[in-house]
Every structure is written in structure tokens, then in C-alpha cells.
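S.K.: for reference, the sequence and a predicted model appear below.
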Amino acid sequence: MPDTRPVRTFLEPSHLALAGRLAGLAGEIAGRPEPADDPTARTEARALLELFGGGWLQPILDLDLRGCCLSRETLGEVSPLADAVFALQGLGTTPILLAGTQAQKDRWLGPIAQGKVMTAFAMTEPEAGSDVAAIATTARRDGSHYVLDGRKTLISNAGIADLYVVFASTDPDQGAKGISAFLVPADAPGLRFTGPQVLSAPHPLGELAFEGCQVPTDGLLGAEGKGYGIGLASLDRLRPTVAAAACGMAARALAESLAHVKRRRQFGKPLGQFQLVQQKLARTATDLTAARLLTYRAAYEKDQGQERITSEAAMAKSFATEMAQRAVDDAVQLIGGRGVLADHPVDRLYRAVRALRIYEGTTEIQQLIIAGEVLKGGWEA
């Protein structure tokens, strides 16, 4: 379970209780076998969602960002795939919570909470990654339906999701102001899963094609032209949870390193007695504590009602994900040859942690966001 001591100032008693319960969930997930390939990962992702349907998704439904951070930190420590399943439920559900009609909420939120509906967030395209305004997928009104045409790539849960939040342009001449968001069930006519995109770390990812895809008008999320704002608001809110997952992975890397350097002897003494080894441990412990403070500060501010946490979230994500990459790399270096064997926990972390520095806004984009806030005076120490 996450070490709540460094961040207890930002937590309520309910969060401390949640952290205690999460320890039991972590133990259950830790005993599950690691998927060996993409088909196995897809099957396991659905099984994990069913497990989460036993009440573990409630922080998402309650818009409890600190609860989501505690959940992702716990899951990131024991299973990157379990963390991804939880994260995608958050990313696919938050737009409904923020902008959905009551009818949309009534239809989808119950099954989502029960683990019966897997969600996905379909924004990225072959030519639209960090530049979200470059989305080329279009949506045109045709009577009682919208008709979507285009392609999406690098979509988590593609092919296994039951519901996609899809971003498409209803007015291409308006750029970002012409982007709209749609709730598209997996069985919508004209939606096709074109195939998986296989990562080195098992994670359901793939491409989607929208070929005259018909979506009823009641599938529009918010108003036409508001999709860009809905998407960015969802990412802004959930960005601290990416930092939390990074903290969980770094904590696991540190724990594996400590166990090894205390046990392993070289040149007549434990590795932990060598100063260069101690330097790596000290840096990871310090950076991990700093990352946790940034993460839970951002989540606290949002839970307290702050409208935007743009700079806080960007600082947390950029610092924590870069920190986690260093921590895992140091763990591999300390553990040595065993650390690069495919069945070792730090090797699995090494393959999983890299993606955190890219998705939901690269580190470089986060740095631009922070600099923009500083330059316009929207940031205070």
C-alpha cells in the first residue's frame, strides 16, 4: 500500500481508510499471473475490470481525485496492467461526469461502476498527438444521427472496450473550437477495430476506424464544439493520477533494490554498504517523497474546489514520471543481470514505466504548460 505518512496533510480520514483497504486489493492482484502476450493481456484486463466492479471504482464516480491517486499508486506498485485498467475507466468516465446529460449518466454510470462496461478515450490520431487541434476525424449531422469518419491510433482498450469517448470535428474550419465529443458504443454501425498495436509491456492498445459510423444525436457529449474543452478538462483533472502511478512504480523499484542490496554480497560485504549504491538509494527515496508531495498537493487542490490545477498537475506529472524512470533504471543497475531477465519485477517495470512520460501529455508538453503559467503570472510557489 502507498506510504501515506509523507502526504497525510493532504488526506482525509476516509482516504487513510481507503489506503488500508487497498492493501488487501494489492495482495489479491499481486497473486495473479502476469500476462505473457497481447491476447492474454486483453483477457486479463477484462477480468481485472470485473474485480474492480466490487466497489473499487467508486473514487472515479465520486470525482475523488485523492482516492483515485491512492488507487493508482497502489496498483502501479503491484501491476502496471491493473493500473492501466483503472486509469482507463477514469479517463472514459470523467467526460460523462463532467459534461453528460442525466440520461447519459443514468445509462452508463451504473454499469461502469459495476465493472460491466469497459471504457476508452479515443482522441489520438496518426497526425494528432500532442496537437489535439489537428484531429481529422469528422462528424456530420444526418437527421437523427451523426456520421463519423476517420481513424484513431494508440487507443488503450481498443478492441475490448464497450464504450468509446470519441473526439471528432463537427466544424473543421473552426479548428479546436469545432471539435465535439461523442459516446460511441462498441457495436455502433461503422465502428471497426482494425487491429492491436503491441507494446513490450502487455497492455491492450490498438487502432480504430470510423467508416460512416452512425451515432444517435443523444450520443453527443455536451454541445457541438465543446469537445476540445471536455477532453482537456478530463486530462487536466486526471493528470495527477498518472503521477501517482509513477510513484507506485518507483516505490516498487526502490523496494526491490533495497531487498537486493541488503542480501547480495560482493567483495566481502553487502552491496548496501557501498557509497555509490547508497547514493542511488538516497536519490530515489528523496525524489519519491517530493513526487508524492507534488501529486497529492495537486489532487488536494482539485478536491477542495479549485477550478483549474493546470500548473499543479503538470508539475506533478512531469516530475513524478521522470523520477520513476530514473528510479527503475537505477534499480536495474543495482540488481544487475537478474534485473534484465524477463520474469523479474524490475524488468517489467522498465518496460511499463516509459509510457508514463508520453501519455496524457508528454513531459515536454507539461514543461511548456508550466512555463506558460509562470510567464502569465498564473503560478505561485
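M.R.: Good, I have the coordinates.

S.K.: going by C-alpha atoms from here, please, whenever you check contacts or count neighbours.
M.R.: Fine.

S.K.: quick one: the helix or strand of the chain with the lowest mean pLDDT to chain centroid distance?
M.R.: Evaluated with mean pLDDT, DSSP states H and E, the helix-and-strand set of the chain has its lowest mean pLDDT in strand 265-266, which scores a mean of 88. The chain centroid and the centroid of strand 265-266 are separated by 39 Å, computed with C-alpha atoms, centre = their mean, to the nearest Å.

S.K.: what of stretch 96-115?
M.R.: Remark: stretch 96-115 is offset 20 Å from the chain centroid, using C-alpha atoms, centre = their mean.

S.K.: before we move on, what about stretch 50-61?
M.R.: Using C-alpha atoms, centre = their mean, the mean C-alpha position of stretch 50-61 is found 15 Å from that of the whole chain.

S.K.: list the buried residues in that stretch.
M.R.: Counting neighbours by 16 or more other C-alpha atoms under 10 Å, one finds that the buried residues in stretch 50-61 are 50, 51, 52, 53, 56, 57, 58, 59, 60, 61.

S.K.: which of those residues fall in helices?
M.R.: Members of the buried residues of stretch 50-61 lying in helices (criterion: DSSP state H): 50, 51, 52, 58, 59, 60, 61.

S.K.: centroid residue for this structure?
M.R.: By C-alpha atoms, centre = their mean, the mean C-alpha position of the chain lies nearest to residue 87, the distance being 4.2 Å.

S.K.: rounded mean pLDDT for whichever strand or helix holds that residue, please.
M.R.: Under the assignment given by DSSP states H and E, the secondary-structure element containing residue 87 is helix 80-99. With pLDDT averaged residue by residue, helix 80-99 scores 96.

S.K.: let's see it as CSV, backbone CA atoms only.
M.R.: Output of helix 80-99 as CSV, limited to C-alpha atoms (Å, rounded to 0.1, in the frame of the first residue of the first chain):
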residue,chain,number,x,y,z
PRO,A,80,1.0,-1.9,-14.4
LEU,A,81,-1.8,-3.6,-16.2
ALA,A,82,-4.2,-3.3,-13.3
ASP,A,83,-3.2,0.4,-13.0
ALA,A,84,-4.0,0.9,-16.7
VAL,A,85,-7.4,-0.7,-16.4
PHE,A,86,-8.3,1.6,-13.5
ALA,A,87,-6.9,4.6,-15.3
LEU,A,88,-8.9,4.0,-18.5
GLN,A,89,-12.1,3.7,-16.5
GLY,A,90,-11.3,7.1,-15.1
LEU,A,91,-10.4,8.6,-18.4
GLY,A,92,-13.5,7.2,-20.1
THR,A,93,-15.9,8.0,-17.3
THR,A,94,-14.8,11.5,-16.3
PRO,A,95,-16.1,13.2,-19.5
ILE,A,96,-19.5,11.7,-18.8
LEU,A,97,-19.4,13.0,-15.2
LEU,A,98,-18.3,16.5,-16.3
ALA,A,99,-20.5,17.0,-19.4
